[in-house]
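Undergrad: Below is the sequence, then the predicted model.
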Amino acid sequence: MVTRDAACTCGDLRLTLEGEPMLVSACCCTRCQRRTGSFFGVTAYFRPDQLIVREGISSTFQRSEGSATFHFCPHCGSSVLWMSDDWEDVIGVAGGAFADPTLPGPHRMTHAGTGHPFVTSPKGIPVYEDGPPE
Ligand SMILES: [Zn+2]
Ligand SMILES: [Zn+2]
């Protein structure tokens, strides 16, 4: 089974995940833009039992709107993983933290309505103007 490592910029906070993500989602919401400093965020979602190694300490930020707890490296500040209050038994990992081109690309794009006009989605994936359908 494939394993991949995700890490913050400085490398102190690292994860090893086993198997493919259940979902990879790109999001153009303004919260993801501000959190990442990029024009969209990419999250790879895994079941908690797929997280087989976690090293390093993290600080947390609890976002109230779209409630989620983000774990970031207190040294370099990169967000590496998060848990949603609305979606139990799933952990989100920053797609870019893998720095691994074998990570599957996004299966969907959400909040395209607040995205920059030059951001386009990969061909053939569903694009939602707002959040994903329930
Ligand atoms: Zn770090
Ligand atoms: Zn978002």
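TA: Received, thanks. Ligands and ions are numbered 1, 2, ... in the order given.

Undergrad: check contacts around the most centrally placed residue in the chain.
TA: The chain has residue 43 as the residue nearest its centroid, 2.3 Å off, counting by CA atoms, centre = their mean. Residue 43 makes contact with 24, 25, 27, 82, 92, 93, 94, 95, according to CB atoms under 8 Å, 6 or more residues apart in numbering. C-beta coordinates here come from the backbone N, C-alpha and C atoms, glycine included.

Undergrad: Tell me, how many residues neighbour residue 121?
TA: 17 (other CB atoms under 10 Å).

Undergrad: Please settle this for me: is it part of a helix?
TA: No: counting by DSSP: H, G, I helix; E, B strand; the rest coil, residue 121 is located in no helix; its state is coil.

Undergrad: The nearest residue to it once chain neighbours are set aside bridge partners, please.
TA: Sequence neighbours aside, residue 109 is the residue nearest to residue 121 in space, at 4.2 Å (criterion: CB to CB, 6 or more residues apart in numbering). Bridge pairing for residue 109 (DSSP bridges) gives the partners residue 26, residue 127.

Undergrad: quick one on the thing from earlier: among the contacts of residue 43, pick out the one closest to residue 52, please.
TA: Ranked by distance to residue 52 (CB to CB), the contacts of residue 43 are led by residue 93 at 12.6 Å.

Undergrad: For stretch 95-109, give me every contacting residue.
TA: 2, 4-8, 15, 20-21, 23-28, 36, 40-44, 78, 80, 115, 121-122, 125-128, 132.

Undergrad: which of the residues you listed are close to ligand 2?
TA: residue 27 (CB under 5 Å from the ion).

Undergrad: Please list only the buried members of the contacts of stretch 95-109.
TA: 4, 6-8, 15, 20-21, 23-28, 36, 40-44, 78, 80, 115, 121, 127-128 (16 or more other CB atoms under 10 Å).

Undergrad: contacts with ligand 1 among those, please.
TA: residue 8.

Undergrad: which ones among the buried ones among the contacts of stretch 95-109 are found in strands?
TA: Taking DSSP state E as the definition of strands, those contribute 4, 6-7, 15, 23-27, 41-44, 80.
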